[in-house]
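1. Give me a model of this one.
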Amino acid sequence: MLGDKSQTPTRHELLSMVKKHSKLILDTTLDEDETSADVEMDSGFWHDIIDLYFVSSRESRGREDDDLVFFVRKTGLHAQRPSDSAEANSPYFVRRWAPKLDDLVGDSSTIIDWRRSFYLNLIAHTTFSVTVAICSHQVLRQYHASQGKTLSPIYKVLKTVYASPSRINFHLDSRKEVETTPAYPEICFAVDDFDSTFDAVVLTDTDHCYCVLLNAHDGAAFPRDTKTEQVSSDVSSTENAAASAGKIKKSKITLFSGFVSYQMVREAYDAGRTGFGSLLSLGHSSGRTDRIYMKGPGGRGEVEVAVSGVLDQSKTELGPHSPIQIPKKGLGIGTMVRTAASVASTAAKNAYAAASSTRPSDEEMLPLKCCLMSISLPWENIAHDLLFKGSPPVNL
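-> Numbers count the residues shown, from 1 in each chain. Next up is the predicted model:
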């Protein structure tokens, strides 16, 4: 479908072709007759793109990290054929890389949605990082008002995360016990060691905001233009800079950015119920740590956060598995909260000291530890942003 394969296009060239034929990526309202003759809906085109981009190209053969290739089943096929096999009931299946695409899929070729399979692999083979930060609400307002380029957080944690069409359901009451279920068409970015990674992310002031950023910055969605690099090496640095003006490769794309205030987290935590519409909702496990679900701007995407109260350990002895009485009346979820065992005594005392210094003496401040568990986004939004998003990334 892509013409003469004796000269294999580079990934940079292939991605340019993909962009030309991805105009409908967010449009689900077009009539089938309107699109049937378009290359964007041509399964042969997408079959060849997957082959060249992820299977037979030199860049695919040279990768050392991820050797998985994902295939999305045509819509409805997994539902029409119920089976005891988990893979058969999944909207996608996975194969380990092999030199030939036909060897990978075998007789399954006819059930594959090649277009969606390409986008899923583009996402799965891209490198992502999440930034969780505590920021001042006042600083956030100033940032938005001034269109600032860089936001200065009070504290932040940067973590590499991986895109997956599966969702990890953490059981907060059973210490690391998890179950995995298909999430596609949602793409999930889970943090399996969330309790230790974000142990020090504690909101200790009413001016604090909990901020979450998801950025893409390397991998399949950021191919190098090897031909341009070769030409550039033959010219002077001055000429190269002039030729590159306005054509600087994107180094980072922000896919999700959102924040929520301490007060909103506290109210949801105290209420123990869904109370914030599209912005915040609260769910419970059978344990004592609560899950808060934050919706992204415009209702796009969802962030799952484990929230627990950090107790004043100068007044209470804490055991790793013992529920502790919080000296606070009116907690809608009950007054028994288990603080995660990884919260060190010193950190708890520091959090309380910081909170006490900024609160009136007659109003108790409850420091809240917020551990990001996962981010979920529709694949269409991720793929669209990787290909077309032009706004600058959010820098923290």
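
2. Show the contacting residues for Arg73.
-> Residues near Arg73 by CB atoms under 8 Å, 6 or more residues apart in numbering: Ser90, Pro91, Tyr92, Phe93, Ile111, Ile112, Asp113. Just so you know, the C-beta spots here come from the backbone N, C-alpha and C atoms, and that holds for glycine as well.

3. can you do 7 Å?
-> Contacts for Arg73 (CB atoms under 7 Å, 6 or more residues apart in numbering) come out as Pro91, Tyr92, Ile111, Ile112, Asp113.

4. can you pull the pLDDT of the third one?
-> Right, Ile111. Note for Ile111: predicted pLDDT of 94.

5. so it makes contact with Phe71?
-> No - the pair Ile111 / Phe71 is not scored as a contact, 8.7 Å apart, by CB atoms under 7 Å.

6. Pick out whichever of the two has more residues nearby.
-> A count of neighbours by other CB atoms under 10 Å puts Phe71 above the other of Ile111 and Phe71, at 21 against 15.

7. So that one sits against Gly106, correct?
-> No - using CB under 7 Å, Phe71 is not in contact with Gly106, being 10.9 Å away.

8. of all the contacts of Arg73, which comes closest to Lys20?
-> Ranked by distance to Lys20 (CB to CB), these are led by Asp113 at 19.8 Å.

9. From what I see, the closest one and Val72 are in contact.
-> Yes - counting by CB under 7 Å, Val72 is a contact partner of Asp113 at 4.7 Å.

10. Could you check which of the two has the larger neighbour count?
-> Counted by other CB under 10 Å, Asp113 and Val72 do not tie: Val72 has more neighbours, with 26 against 19.

11. contact partners of the helix or strand where the more buried one lies?
-> Per DSSP states H and E: Val72 is located in strand 68-72. Here strand 68-72 makes contact (CB under 7 Å, 6+ apart) with 54-55, 91-97, 104-105, 112-113, 116-117, 120-121, 124, 165.

12. Try it again at 8 Å.
-> Strand 68-72 is contacted by residues 50, 54-55, 91-97, 104-105, 108, 112-113, 116-117, 120-121, 124, 165, 184 when judged by CB under 8 Å, 6+ apart.

13. Who are the contact partners of Asp218?
-> Neighbouring residues of Asp218 by CB under 8 Å, 6+ apart: Thr126, Thr127.

14. helix or strand for it, which one?
-> Secondary structure from DSSP H and E places Asp218 in strand 208-219.

15. just Pro223 next, same as before
-> Per DSSP H and E, there is no helix or strand for Pro223.

16. just checking, it touches Thr10?
-> Yes - if you go by CB atoms under 8 Å, Pro223 and Thr10 touch, sitting 6.9 Å apart.

17. Could you list the low-confidence segments of the stretch 101-250 of the chain?
-> Along the stretch 101-250 of the chain, the parts satisfying pLDDT under 70 run over 147-149, 173-177, 226-250.

18. and Leu214, what are its bridge partners?
-> Taking DSSP bridges, one obtains Val130, Phe256 as the residues bridged to Leu214.

19. Please disregard the earlier target; I meant Tyr293.
-> Going by DSSP bridges, Tyr293 forms beta bridges with Ser281, Glu304.

20. So what's the residue count around it?
-> Neighbours of Tyr293 using other CB under 10 Å come to 19.

21. and the gap between Asp27 and Met41?
-> According to CB to CB, to the nearest Å, Asp27 and Met41 sit 12 Å apart.

22. Of these two, give the one with the bigger neighbour count.
-> Higher neighbour count among Asp27 and Met41: Met41, with 16 against 9, using other CB under 10 Å.

23. right, and the more buried one touches Arg116 too?
-> No - using CB under 8 Å, Met41 is not in contact with Arg116; the gap is 11.3 Å.

24. Roughly how far does Leu377 sit from Pro99?
-> Here the criterion is CB to CB. By it, Leu377 lies 32 Å from Pro99.

25. let me fix that: His144
-> Taken as CB to CB, the span from His144 to Pro99 is 51 Å.

26. again, but for Gly298
-> 43 Å.

27. beta partners of Val202?
-> Applying DSSP bridges, one finds that Val202 bridges with Lys369.

28. So it sits against Leu366, correct?
-> No - contact criterion CB under 8 Å: Val202 and Leu366 do not qualify, at 10.4 Å.

29. what's the overlap in contacts for the two?
-> By CB under 8 Å, 6+ apart, Val202 and Leu366 have these common neighbours: Val310.

30. isn't there a helix covering Pro99?
-> No - under DSSP: H, G, I helix; E, B strand; the rest coil, Pro99 sits outside any helix and is assigned coil.

31. Chain neighbours aside, what residue packs nearest to it?
-> Ser56 (7.0 Å; CB to CB, 6 or more residues apart in numbering).
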